[in-house]
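Enquirer: Next one to model:
(4 chains)
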2 protein chains.
Amino acid sequence: MSTHTHAAWREHALHQLESAGYRRGEARSAVVEVLSRQDCALTAQEIGDALRRRRRAVGLASVYRALDVLSDLKLVQRLEMGQGVARYEPLDPSGDHHHHLVCQLCGNVVPFDDADLESTIERLSDRLEFDVDEHDVVLRGACSACRER
Amino acid sequence: MSTHTHAAWREHALHQLESAGYRRGEARSAVVEVLSRQDCALTAQEIGDALRRRRRAVGLASVYRALDVLSDLKLVQRLEMGQGVARYEPLDPSGDHHHHLVCQLCGNVVPFDDADLESTIERLSDRLEFDVDEHDVVLRGACSACRER
DNA sequence: ATGACTGCAAAGCCTTTGCACGCAA
DNA sequence: TTGCGTGCAAAGGCTTTGCAGTCAT
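Expert: Numbering: from 1, shown residues only, chains lettered A, B, ... in the order given. Just a heads-up that it's a prediction; the model follows:
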């Protein structure tokens, strides 16, 4: 597991934003807030919906703009897991991360991590004629709930 | 490497289409033709362009429709590697496959394969509470050409 | 002859951009 | 006060759909 709590990520992110010269705007802070409460990948829509539910409605354009900035600062990772929709999740500054299982029946996304997989990818990266600095792995299939139906 | 040549994949695909009750239409056959000459992932646009260059222009809608059918029959794999554009590549019936390196500087996509990675993922899949039936791995970084600049 | 196949144009998503206003610093 | 941040509406890019004509069987 990560050494960082959700609150710690939020502080870290807000601090990084400030250091990078960004002002503490309402919309951006609200997006950081929502992301900090969730450790798996959300779509821009989902973030917008969550904000609306919490009575801190933010224009979708601002959500996208906030996510752009956060991606640039490597505070969130942008992921594409099919269906042509991008998902975003907080990036642990320690380098810790997980990958995703996508259920092809219900569309649910479940995180998992595996040390073996990480070290295999690391060894592999060294072997390639390519400077690898990111990787992602998506497993697709049926989640336990859907399999039983 | 695959045990199937490009021509073999084309024959296999055309045969499967026929078995599944599809007619041998011009557009669909042309898409199969282009895919069979390439073993790494192409976008719908790229397929359309290739067809136009070969004087067998096909409407983009038909390209997409053909790719849909081919995906359903598991003859091609649909991949999303960022930038919100889907890519498609022939799927070897033997189960052989590769993964991709994406250069974040020039956008080039390069295939690679690694037995170690495959077996690690297979072991991992058995360990999970999830029926895994597909996986894909994307490595991002700088290709050798871009690194030198 | 019949209905699958195709191309074109229109419609649908997700995402980005333009612009005017408001707010942090 | 300055110019970054925000929301709205419009524009963009990829993909899908509706429709009428065409072609395989």
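Enquirer: show me where chain A has helices.
Expert: A:6-19, A:26-36, A:44-53, A:60-72, A:115-127, A:144-147 (DSSP state H).
Enquirer: Just give me how far the longest one sits from the chain centre.
Expert: Right, helix A:6-19. Centre-to-centre, helix A:6-19 and its host chain are 15 Å apart (C-alpha atoms, centre = their mean, to the nearest Å).
Enquirer: in that helix, what counts as buried?
Expert: Applying a neighbour-count criterion of 16 or more other C-beta atoms under 10 Å in any protein chain shown, one finds A:9-10, A:12-14, A:16-17 buried in helix A:6-19. Yep, even glycine has a C-beta here, placed from its N, CA and C like the rest.
Enquirer: neighbouring contacts of that helix?
Expert: Here helix A:6-19 makes contact (C-beta atoms under 8 Å, 6 or more residues apart in numbering or on different chains) with A:4, A:24, A:28-29, A:32-33, A:35-37, A:39, A:69-70, A:73, A:75, A:90, A:92-93.
Enquirer: Run a quick neighbour tally on A:Glu26.
Expert: 10 (other C-beta atoms under 10 Å in any protein chain shown).
Enquirer: how close does it sit to DNA strand D?
Expert: Taking C-beta to the nearest atom of the strand, to the nearest Å as the measure, A:Glu26 falls 5 Å from DNA strand D.
Enquirer: That residue and A:Gln104, how far apart?
Expert: 38 Å (C-beta to C-beta, to the nearest Å).
Enquirer: next one: A:Arg24
Expert: 41 Å.
Enquirer: Which one's more surrounded, the two?
Expert: A:Gln104 (15 against 10).
Enquirer: unless I'm mixing things up, that one is touching A:Cys143, no?
Expert: No: contact between A:Gln104 and A:Cys143 fails when scored by C-beta atoms under 8 Å: they sit 9.1 Å apart.
Enquirer: on that earlier part again, tell me which of the helices of chain A sits most buried.
Expert: helix A:26-36 (a mean of 20; mean count of other C-beta atoms under 10 Å in any protein chain shown).
Enquirer: near DNA strand C, anything from that helix?
Expert: Yes: applying C-beta under 7 Å from any atom of the strand, one finds helix A:26-36 touching DNA strand C at A:Glu26.
Enquirer: domain ranges for chain A?
Expert: The record's domain split for chain A, according to automatic domain parsing, is A:1-93, A:98-149.
Enquirer: Is it possible to get a markdown table of these that adds mean pLDDT?
Expert: Below are those laid out as a markdown table (pLDDT from 0 to 100):
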| stretch | mean pLDDT |
| --- | --- |
| domain A:1-93 | 93 |
| domain A:98-149 | 91 |
